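A.B. asks: Structure here, sequence nowhere to be found:
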């Protein structure tokens, strides 16, 4: 398989670095990969350029400068990047492009590939994959959207442009893109769930095929160094709490969020959240220290670091990496820091929550809250086991973003678009509903298990019963990942669940209540990959105690074949481990306060014709819920429900058997493990 990657520059910027890293990861897996760029700054012999001759290089440089000047000329004096797509290059006669099996597009602005040039690729008849490193591909020209939602329609009246009107430059460019995309069939890679969700909202590409595959990096280069040795080599103090941050532009900069970092640092000092004499801020990548504002703590500027080994050492030397960015797809600096074993404090924005797990390998501050950003720094500063934070940071990268993992995911996409693999067309929308009330200790673990799923087509609904213990505030950290968040009083857990059902629009329903988890990040994907269009999918559940220690499998093992009679000796499939088609899922019967889920599942099984067993763990269940706290009432309700479905006399016999089995299990294990 021969893959040709297209990017405007050779590693200049985040997209270029991501492109080169993927290229190297693919080469390591035996893929014939090439990188071709419009304008080459460096001397890497492995990178080819479309502007090889002196004349071609000069013309390309002129086109880049002209387009950047023109884009700036028609834009307001805002620090929001906009590309007008005036100039372009026809690359269809290039031999490497013609001989490629896969054309993989990356960042192609700045006079490289206009919409018309993209459309021209269609005549080659090659499969095209396009990784979206920012929002430009589905907007009328802007790369960063912030709160603007014009891309959901047809752009126009662009707040960035000087002459904004319904048929302004953004609307004209939107129409050019629509025309080009109708000619060029391509598959999209979104490096983050935030980017995936943005694409789904866009008018241009909301019906396109999108795979969520993160960027990768060289985990052998960006690795943890001994902290003391790194500090000594860099000439940094060994006894201070070191905060590291990247390039600091002017205070007026919007995209990088510098003002929020300045305010957060000032708060740290003013509120005595840190000892000013014990902390130091280290900044790398600054281009003009004269433009950098004054910081509230001692600050050292390392300058631009072009050597990755030295950059890796910088990350390792720090106790925390700070990035106040207000909108980023999947920033390389965050991944680099985590890979070096350094936790990150950042705003809950863009694709950062795909990498940073709140209070596990970093801190996700409320969006645009300098106060909470300061809290994040203070949290790391006062952490009792910083070494555990370092370990969690590195493990997150190795599990989800290593070269081998990401290369394999791209190869799977290449095989699918080239016809070498059978494409899976069954991608139903799953509505996951979480019901919670005053459970701040466990709710975030549940939320993360849902939003970190590799399966993309998930609608997440959270019903909060009007919590007063900080649960709602915790949920709001994940607001960009939650489709519907309702917080109001309810008449009990099943009333709350019915509210969730009423809001659900998915093809399937899954209840994952606070404290429980979807078993692994790929669980949902594996479930729907197991078979198409089943009425019910179900699997096994692993039990956990309040210290989140595994108690093993439930006493009631999930049967290989689930029928209406499967529950007669007990609830053989847990509520968290069953996916039910919404068409056969009625509301919960509110006459049952603690066990209505049993009645709900049995009623659905009666209606189901195709039930699929997934032979694996699919859920983690936290023992000790309301049914345990009010065990007598729960048992009485269960008896009523089983009598309703099986008859009273058979149910009495079944309960004798249940009692005998329960006693035998307890004598062996000293616990019931329901």
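C.D. replies: Great, that's in hand. Values in this document were obtained by computation on a predicted structure and should not be read as measured data.
A.B. asks: Pull out the buried positions in the helix or strand where residue 449 lies.
C.D. replies: For residue 449, the element it lies in under DSSP states H and E is helix 443-451. Across helix 443-451, burial judged by 16 or more other Cβ atoms under 10 Å covers 443, 444, 445, 446, 447, 448, 449, 450, 451. In this view, the C-beta of every residue, glycine as well, is placed from N, C-alpha and C.
A.B. asks: what do you get for stretch 395-413?
C.D. replies: Using 16+ other Cβ under 10 Å as the test for burial, stretch 395-413 gives 396-397, 400-403, 405-407, 409-411, 413.
A.B. asks: Go through those and name the one nearest residue 11.
C.D. replies: Checking the buried residues of stretch 395-413 against residue 11 by Cβ to Cβ gives residue 403 as the nearest, at 16.3 Å.
A.B. asks: What separation is there between the closest one and residue 21?
C.D. replies: Applying Cβ to Cβ, to the nearest Å, the value for residue 403 to residue 21 is 8 Å.
A.B. asks: Look up the closest residue to the residue nearest in space to the middle of the chain, ignoring the ones flanking it.
C.D. replies: Most central in the chain under Cα atoms, centre = their mean is residue 354, positioned 3.4 Å from the mean C-alpha point. Excluding the flanking residues, the one nearest residue 354 by Cβ to Cβ, 6 or more residues apart in numbering is residue 192, at 4.8 Å.
A.B. asks: How about the contacts made by that neighbour?
C.D. replies: By Cβ atoms under 8 Å, 6 or more residues apart in numbering, the residues touching residue 192 are 212, 214, 329, 330, 350, 351, 354.
A.B. asks: Assess the claim that the residue nearest to the centre of the chain and residue 214 are in contact.
C.D. replies: Yes: counting by Cβ atoms under 8 Å, residue 354 does reach residue 214; the two are 6.6 Å apart.
A.B. asks: which neighbours do the two share?
C.D. replies: Common neighbours of residue 354 and residue 214 (Cβ under 8 Å, 6+ apart) are 192, 330.
A.B. asks: Just give me the neighbour total for residue 42.
C.D. replies: Neighbour count for residue 42, taken as other Cβ atoms under 10 Å: 12.
A.B. asks: tell me, how many neighbours does the residue nearest to it when sequence neighbours are not counted end up with?
C.D. replies: Among residues not flanking residue 42 along the chain, residue 10 sits closest, at 5.3 Å (Cβ to Cβ, 6+ apart). Neighbour count for residue 10, taken as other Cβ under 10 Å: 23.
A.B. asks: Check residue 257 too.
C.D. replies: So residue 257, with other Cβ under 10 Å, has 23 neighbours.
A.B. asks: Next, the contact list for the closest residue to it other than its chain neighbours, please.
C.D. replies: Leaving out its chain neighbours, the residue that sits closest to residue 257 by Cβ to Cβ, 6+ apart is residue 324, at 3.6 Å. Remark: with contacts taken as Cβ under 8 Å, 6+ apart, residue 324 is in contact with 256, 257, 258, 260, 261, 264, 346, 347, 373.
A.B. asks: wouldn't the last one be in contact with residue 260 here?
C.D. replies: Yes: contact between residue 373 and residue 260 holds when scored by Cβ under 8 Å: they sit 5.9 Å apart.
A.B. asks: before we move on, the earlier item: which ones among the contacts of residue 324 map onto helices?
C.D. replies: 258, 260, 261, 264, 373 (DSSP state H).
A.B. asks: Can you give me the distance of the second one to residue 326?
C.D. replies: Plainly put, residue 260 is 8 Å away from residue 326 if you go by Cβ to Cβ.
A.B. asks: neighbour-wise, which of these two wins?
C.D. replies: residue 260 (22 against 19).
A.B. asks: count of neighbours near residue 13?
C.D. replies: Residue 13 has 14 neighbours, counted by other Cβ under 10 Å.
A.B. asks: pLDDT averaged over whichever strand or helix holds residue 495, what's the number?
C.D. replies: In the assignment (DSSP H and E), residue 495 maps to helix 493-503. Averaging pLDDT along helix 493-503 yields 94.
A.B. asks: Give the other helices and strands that the next helix or strand along the chain from that helix contacts.
C.D. replies: Scanning forward in sequence from helix 493-503 by DSSP H and E, the next helix or strand is strand 508-511. Counting contacts by 3 or more Cβ pairs under 8 Å, 6 or more residues apart in numbering; DSSP states H and E, strand 508-511 packs against strand 430-436, helix 493-503, strand 578-581.
A.B. asks: Give the next helix or strand downstream of strand 508-511.
C.D. replies: Counting by DSSP H and E, the next helix or strand C-terminal to strand 508-511 is strand 517-518.
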